[in-house]
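Q: Quick one, fold the following:
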Amino acid sequence: MQNELNEISKIITEAEKNAKNDTFYEASPETESHLNWPVECTVGPGLEGAIACETNIGYVNGSKGWLVYRGYNIFDLCANATFEEVAFLLLNGELPSPSELSGFNRKLNDYKYIPDVQRLLMSFPLEEMSSMAALRLGVGLLRQKQTYRDKEKKYSNVPQAVASDDDSYAMESDLKGKSAATYEFSQQSYLKLKNVETDLLGSEDIESCYHLISGISTIAATIARIKSGHLPIEPDPDLSHAGNLIYMMTGRRPSTVEERIMDICFILHADHGMNASTFASLVVASTLSDIYSAVGAGVAALSGPLHGGANEKALLMLKEIEKSNNLKEWFQNALAEKRKIMGIGHRVYKVYDPRARILGPLAEYLVSKNPEMKSLFNTARALENEVNSTLGKEKKLFPNVDFYAGIVYHALGIPTEFFTPLFAVSRVAGWTSRILEYLKNNRIFRPRALYVGPYNKEIIKK
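A: Next up, the predicted model:
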């Protein structure tokens, strides 16, 4: 078994080598200095290109094909770390010591037990809901059970919090460029309830992040079990976070190799810049709502087909091509009809997505042990070759993270409709890390909209 794990590490090391060779002549970025607000930048529709904040957490470079967490490149983390270590790194800024990792693992295992939330969740008609709708519901129930936010008691410091809302200033006036809100919160004491139960959280601390990382995993697994007609399974403390997800979702204890590959998938999806769901989480957090509601916003954003779900669609597309048994004809028809080829191209990466560099060989490794899926993988490789030979160099279109992710999840026995919930299970580490970071120097998000409507209209009564 250790030989197989070593083989997986070699696959990732080879992927890193290929990435460096392909982008060797691309200029490396200069070290950025702290911003001196206000800043000038080119902004497109939907705030594209806007700089909203500084971060030490994650970095994406589309020209070099880099994905970096806290200074560590994604290849190094996937080859030499676990998801638990990466989650700790994102939240705390440094990789854990052995004793810190042991304590963190213990907490993650303990926080997976959420029977009250599961009972509430099971009282809803989950069979009639999409998996992401059920996950959004579950996050809300987790918040209701684990925090005091919805208790009928008065908050303290409400006037101070309200006064920090930038709506108290005329937003159509010139920007002042202040680097922080007018009202600072030097201590995490805002919006605290008085005389509440000691076992409930205020949900603005790192412990709440740990609860969310574990809780959302259990919720996703519970939904999968109920929708498949089975009762939930309690977590196994001997399994890793990734291994427990497979076990609690499918009822099958994964092999060591399967557990490790799922672990790598979690690492790859843990964070990815200021994407839509991360931005949604930060917008909600900036109002001084709470981390549970902010993460719920992230889940809601991920529910949209333009953000989540591409890995599921990519797998369905590959199955369609495989069934047609005529890749070239399908591809030419897709080009002629200007159809989007799912899993190909990325808004940021102009080279091969580093996550796809890892997932492609891992998919190949998995299907070598599952001959039934070999045809599907061969279809994916053939489609990639067609894209590379026709669109790759000219339009900079290459496989992204979703192209091979669906094959990997499928090989691991994950139902297709749970590909996007798995994304959320891993991305919650990034969401919560960025929320904690942003709240240290919080300023409520308040972009402007340019009014282009008429003036001086009058009501004419008939």
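Q: for whichever strand or helix holds Val299, what is the average pLDDT?
A: Assigned by DSSP states H and E, Val299 belongs to helix 291-302. The pLDDT scores in helix 291-302 average 96.
Q: and if you look at stretch 127-140?
A: 96.
Q: got it, and stretch 395-407?
A: On average, stretch 395-407 scores 90.
Q: If we go by neighbour counts, what in it is buried?
A: Using 16 or more other CB atoms under 10 Å as the test for burial, stretch 395-407 gives 397-407. Any C-beta I mention is one placed from the backbone N, CA and C, and that applies to glycine too.
Q: what's the answer for stretch 86-103, then?
A: Buried, per 16+ other CB under 10 Å, within stretch 86-103: 86-92, 95-96.
Q: hmm, back to that, as JSON lines, the buried residues of stretch 395-407 with distance to Ser433 would be great.
A: Below are the buried residues of stretch 395-407 laid out as JSON lines (distance: CB to CB, whole Å):
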{"residue": "Leu397", "distance to Ser433": "31"}
{"residue": "Phe398", "distance to Ser433": "28"}
{"residue": "Pro399", "distance to Ser433": "27"}
{"residue": "Asn400", "distance to Ser433": "23"}
{"residue": "Val401", "distance to Ser433": "19"}
{"residue": "Asp402", "distance to Ser433": "23"}
{"residue": "Phe403", "distance to Ser433": "26"}
{"residue": "Tyr404", "distance to Ser433": "26"}
{"residue": "Ala405", "distance to Ser433": "22"}
{"residue": "Gly406", "distance to Ser433": "26"}
{"residue": "Ile407", "distance to Ser433": "29"}
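Q: Can you list which of the buried residues of stretch 86-103 are found in helices?
A: Among these, the members found in helices (DSSP state H) are 86-92.
Q: can you name the two of the residues you listed that are farthest apart?
A: Using CB to CB, the two most remote members of those are Val86 and Asn92, lying 11.1 Å apart.
Q: just to revisit the earlier point, save the buried residues of stretch 395-407 as a markdown table, and put in distance to Lys17 and secondary structure too.
A: Output for these, formatted as a markdown table (distance: CB to CB, whole Å; DSSP: H, G, I helix; E, B strand; the rest coil):
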| residue | distance to Lys17 | secondary structure |
| --- | --- | --- |
| Leu397 | 23 | coil |
| Phe398 | 17 | coil |
| Pro399 | 18 | strand |
| Asn400 | 20 | coil |
| Val401 | 20 | helix |
| Asp402 | 24 | helix |
| Phe403 | 20 | helix |
| Tyr404 | 18 | helix |
| Ala405 | 22 | helix |
| Gly406 | 26 | helix |
| Ile407 | 23 | helix |
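Q: Would you tell me which one of those residues comes nearest to Gly65?
A: Nearest member of the buried residues of stretch 395-407 to Gly65, counting by CB to CB, is Phe398, at 9.1 Å.
Q: ok, the residue nearest to that closest one when sequence neighbours are not counted to Met317 distance?
A: What sits nearest to Phe398 in space, not counting adjacent residues and going by CB to CB, 6 or more residues apart in numbering, is Tyr352, at 4.5 Å. Tyr352 sits 19 Å away from Met317, going by CB to CB, to the nearest Å.
Q: Dump the C-alpha coordinates for the helix holding Val299 into CSV.
A: C-alpha atoms of helix 291-302 as CSV (Å, rounded to 0.1, in the frame of the first residue of the first chain):
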residue,chain,number,x,y,z
ILE,A,291,-19.5,33.3,9.8
TYR,A,292,-22.4,30.7,9.5
SER,A,293,-24.5,33.1,7.4
ALA,A,294,-21.4,34.2,5.4
VAL,A,295,-20.6,30.5,4.6
GLY,A,296,-24.3,30.0,3.7
ALA,A,297,-23.9,32.8,1.2
GLY,A,298,-20.9,31.0,-0.2
VAL,A,299,-22.9,27.8,-0.6
ALA,A,300,-25.7,29.8,-2.3
ALA,A,301,-23.3,31.3,-4.8
LEU,A,302,-21.8,27.9,-5.5
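Q: Can you name every helix or strand that it contacts?
A: The contact analysis (3 or more CB pairs under 8 Å, 6 or more residues apart in numbering; DSSP states H and E) places helix 291-302 against helix 131-146, helix 206-227, helix 276-286, helix 419-439.
Q: list the contacts for Glu322?
A: 375-376, 379 (CB atoms under 8 Å, 6 or more residues apart in numbering).
Q: among the helices and strands packed on helix 291-302, which is the most enclosed?
A: The highest mean neighbour count among the helices and strands packed on helix 291-302, using mean count of other CB atoms under 10 Å, belongs to helix 419-439: a mean of 25.
Q: Could you name the helices and strands sitting against that helix?
A: helix 83-92, helix 131-146, helix 206-227, helix 256-269, helix 276-286, helix 291-302, helix 310-324, helix 401-411.
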